[in-house]
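>>> coords below, sequence missing:
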């Protein structure tokens, strides 16, 4: 079969690899229908050290179950399913409490030894704990929005939950990438009243408004902080969704948040994440978040996708096929595309 | 009147100062009955740069209202009252939601321009928003425990609340000072089932057991982390109370906490506080806390003090009078005393 392999910064290729196959009785093999490129795929694309052996890549997909191991009970061949970007056994203490990303038997697609999602098929370990059946047909126009349940929409939701977004609350979102925009969507869904996106790319801020943003703050640094304070009676917002992961974005988040508020972060922290408790101590600001346990949120978010109440698939502004994956990486790295959808 | 003045590291003196006096209609003057020395008083005692003008010091006291301004409604001369270590107007949006430490009209005793608590009397700004009447007589043996409502007991409680201590939960407390011990007391009061104190001073760990600790871990570093994991099924604890404030203690807290758990910190952060989100991201650990809004907790905690259900005053192991304040600082700095009570 064909799948995407990365061998170093800038070197992403689609090539022949061994077919995805069952290894354990709990495995399933899923033929990929839709996959996409994640902002986090761009880190190895920008900085991976040369590795001639190469590494499979991609972790978001939906598709059709092709084969199920003898222990699999919840899905069977022919089922259309979405997978969260991490797999998990569904039975351990962490899985049962909704922290599937800490499942000791779990892992992430595209890590060493695992299939990546940007290919024709994927071996899914712990299929029963991982896959969620989709009650639609393969040609349903909702499929791109359902694909976002794999990662980007739940991750935005995790940022909003971690930032303690409440009905009627005030929210700022730092980061106008696909996660930040899904954070806007999630915060609006949770009832945020004042919902500010920090950004200056008109196509992205337009989508943010469509997703429920009430205000766009294009100013950066001191001017941006001043503007957010003006919009919030001088106090700052109760919830900040930090959807970038740099020390600079965390410093911004720290300055936007109201005393007693919370920062929800979901960007993989660079440079230690940039938290200085001396900035937060007198103000009692909480920090929560981390890698999103997407599996925990799929059932909660799916009904609103199916009903059309939310349309997270709007983040895809670049559509291609498997051959187009290298170009998709380039377009996203150059910020010419927000997020690329791949029809396999 | 006489009060404590600090002029630099190691230079604490009790001397004649101008009498405490009303300045605003909302002020009260309180004649101090009991005060004490806080761990945070030791920072200027250890490191303050020389300042010949000197600075009043101390922020924990209870006493008798001597004079009340014309606008004061809630207390009157003769009332026995306790003051939280910060004063606040009681009417602003932050005060009304229980974050009195962020009151824009508020402040802390012993800061420039304010009276310190370690003296014969204190001017209390915003008396109505600040003071809480005590339903006991001046000679009640509960007075030392009631004094802890000014700071150390609510601060331990704030650590426990910020660490999300729940009935039946597992808890570790980093720091065996008076705040850490009050954290143990607060976590036990909130229903912690497994309650581990990290410490190796027998008198302190004994008091921790009396306060409700189920386990004492004397080991430090890797061995301490291993021991806590052994006690918690290999997972770590759901709540860590970080009651020191150094980067080292935060690193320990990070290693003791279970995935999906929370760290509550109340020690003034030194060196930036030592949070590295890279250590927390994959594990979804939350961090909360900061300066304790003691005023918000007094009504909740006082009944259990009055009933004798909790005896936080047990942290006082050194009793002196105003003349003995310099010796009390020395004893605490040398770790010969846990916390010094001053009968004025």
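Right, received. Where do you want to start? Note that the coordinates shown come from a computational prediction; the quantities given were computed from them, not determined experimentally.

>>> list the contacts of the residue most central in space within chain A.
In chain A, the centroid-proximal residue (C-alpha atoms, centre = their mean) is residue A:152; its distance is 2.4 Å. With contact set as C-beta atoms under 8 Å, 6 or more residues apart in numbering or on different chains, residue A:152 has these partners: A:38, A:60, A:178, A:179, A:182, A:312, A:315, A:339. Where C-beta positions appear, they are placed from N, C-alpha and C, glycine not excepted.

>>> can I assume residue A:266 is in contact with residue A:249?
No - using C-beta atoms under 8 Å, residue A:266 makes no contact with residue A:249, being 11.2 Å away.

>>> show me which of these two is the more surrounded one.
residue A:266 (30 against 23; other C-beta atoms under 10 Å in any protein chain shown).

>>> could I get the contacting residues of that one?
Contacts of residue A:266 (C-beta under 8 Å, 6+ apart): A:155-156, A:158-159, A:162, A:179, A:183, A:241-243, A:245, A:289-292.

>>> show me which residues of the stretch 1-150 of chain A are close to chain B?
A:93, A:94, A:97, A:99, A:101, A:102 (C-beta under 8 Å from any C-beta of the partner chain).

>>> and the fifth one, helix, strand or coil?
Recorded secondary structure, residue A:101: helix (DSSP: H, G, I helix; E, B strand; the rest coil).

>>> OK, contacts around it?
Going by C-beta under 8 Å, 6+ apart, the list of residues near residue A:101 reads A:86, A:88, A:94, A:290, A:291, A:292, A:293, B:282, B:284.

>>> please report how far the residue nearest to the centre of chain A lies from chain B.
The gap separating residue A:152 from chain B is 17 Å, by C-beta to the nearest C-beta, to the nearest Å.

>>> and residue A:336, by the same measure?
29 Å.

>>> same question, residue A:141
Taking C-beta to the nearest C-beta, one finds residue A:141 at 34 Å from chain B.

>>> before we move on, what about residue A:263?
10 Å.

>>> in the helix or strand in which that residue is found, what's buried?
Residue A:263 is part of strand A:257-265, with elements assigned from DSSP states H and E. Residues of strand A:257-265 classed as buried: A:257, A:258, A:259, A:260, A:261, A:262, A:263, A:264, A:265 (neighbour count, 16 or more other C-beta atoms under 10 Å in any protein chain shown).

>>> check stretch A:305-319 too.
A:305, A:306, A:310, A:311, A:312, A:313, A:314, A:315, A:316, A:317, A:318.

>>> repeat that for stretch A:321-335.
Buried-residue list, stretch A:321-335, by 16+ other C-beta under 10 Å: A:322, A:324, A:325, A:326, A:328, A:329, A:331, A:332, A:333.

>>> got the end-to-end distance for that stretch?
Start-to-end span of stretch A:321-335 (C-alpha to C-alpha, to the nearest Å) is 19 Å.

>>> for the stretch 1-150 of chain A, what spans make up the helices?
A:42-47, A:93-96, A:127-130, A:143-147 (DSSP state H, counting those that start in this stretch).

>>> quick one on the thing from earlier: now the buried residues of strand A:257-265 in a markdown table, please, with extra columns for pLDDT.
Below are these laid out as a markdown table (pLDDT from 0 to 100):
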| residue | pLDDT |
| --- | --- |
| A:257 | 98 |
| A:258 | 98 |
| A:259 | 98 |
| A:260 | 98 |
| A:261 | 98 |
| A:262 | 98 |
| A:263 | 98 |
| A:264 | 98 |
| A:265 | 97 |
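
>>> as TSV, those residues with distance to residue A:211 would be great.
Shown next, in TSV, are those (distance: C-beta to C-beta, whole Å):
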residue	distance to residue A:211
A:257	21
A:258	23
A:259	28
A:260	27
A:261	21
A:262	21
A:263	20
A:264	17
A:265	20
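
>>> closest to residue A:53 among the residues you listed?
residue A:265 (33.0 Å; C-beta to C-beta).

>>> how close does the closest residue to chain B within the stretch 101-250 of chain A get to residue A:94?
In the stretch 101-250 of chain A, the residue that lies nearest chain B is residue A:102 (3.8 Å; C-beta to the nearest C-beta). With distances taken as C-beta to C-beta, to the nearest Å, residue A:102 is found 4 Å from residue A:94.

>>> between the two, which contacts overlap?
B:259, B:260.

>>> which pair in the residues of the stretch 1-150 of chain A next to chain B spans the largest distance?
Going by C-beta to C-beta, the pair spanning the residues of the stretch 1-150 of chain A next to chain B furthest: A:93 and A:101, at 13.3 Å.

>>> give me the pLDDT for residue A:80.
You'll see residue A:80 listed with a pLDDT of 98.

>>> pLDDT weak spots in the stretch 1-150 of chain A?
Of all residues in the stretch 1-150 of chain A, none has pLDDT under 70.

>>> how about the residues of the stretch 151-300 of chain A by chain B?
Checking the stretch 151-300 of chain A against chain B by C-beta under 8 Å from any C-beta, the hits are A:162, A:235, A:250, A:259-260, A:265, A:268-269, A:272-278, A:280-291, A:293.

>>> if I pick the nearest residue to residue A:10 once chain neighbours are set aside, what's in contact with it?
Excluding its sequence neighbours, the residue lying closest to residue A:10 (C-beta to C-beta, 6 or more residues apart in numbering or on different chains) is residue A:45, at 6.7 Å. Going by C-beta under 8 Å, 6+ apart, residue A:45 touches A:6, A:9, A:10, A:12, A:329, A:333.

>>> now swap in residue A:319 and tell me
So residue A:319 contacts A:340, A:341, A:342, A:343 (C-beta under 8 Å, 6+ apart).

>>> farthest pair in those residues?
Checking the contacts of residue A:319 with C-beta to C-beta, the most distant pair is A:340 and A:343, at 10.6 Å.

>>> which neighbours do these two share?
Joint contacts of residue A:340 and residue A:343 (C-beta under 8 Å, 6+ apart) are A:319, A:320.

>>> of the two, which one has the most company?
residue A:340 (24 against 15).

>>> can you give me the angle the helix or strand hosting residue A:153 makes with strand A:257-265?
For residue A:153, the element it lies in under DSSP H and E is helix A:152-162. Angle of helix A:152-162 versus strand A:257-265, following axes from the mean of the first three to the mean of the last three C-alpha atoms, to 10 degrees, is 140 degrees.

>>> helix or strand right after helix A:152-162?
strand A:170-174.

>>> who's in contact with that following strand?
A:159-160, A:163, A:165, A:180, A:183-184, A:187, A:192-198, A:208, A:213, A:217, A:228, A:232, A:237-244, A:249, A:252-253, A:256-258.

>>> give the buried subset of the residues you listed as a ChimeraX selection command.
Buried members of the contacts of strand A:170-174, defined by 16+ other C-beta under 10 Å, are picked up in ChimeraX with:
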select /A:159,160,163,165,180,183,184,187,192,194,195,196,197,198,208,213,217,228,232,237,238,239,240,241,242,243,244,249,252,253,256,257,258
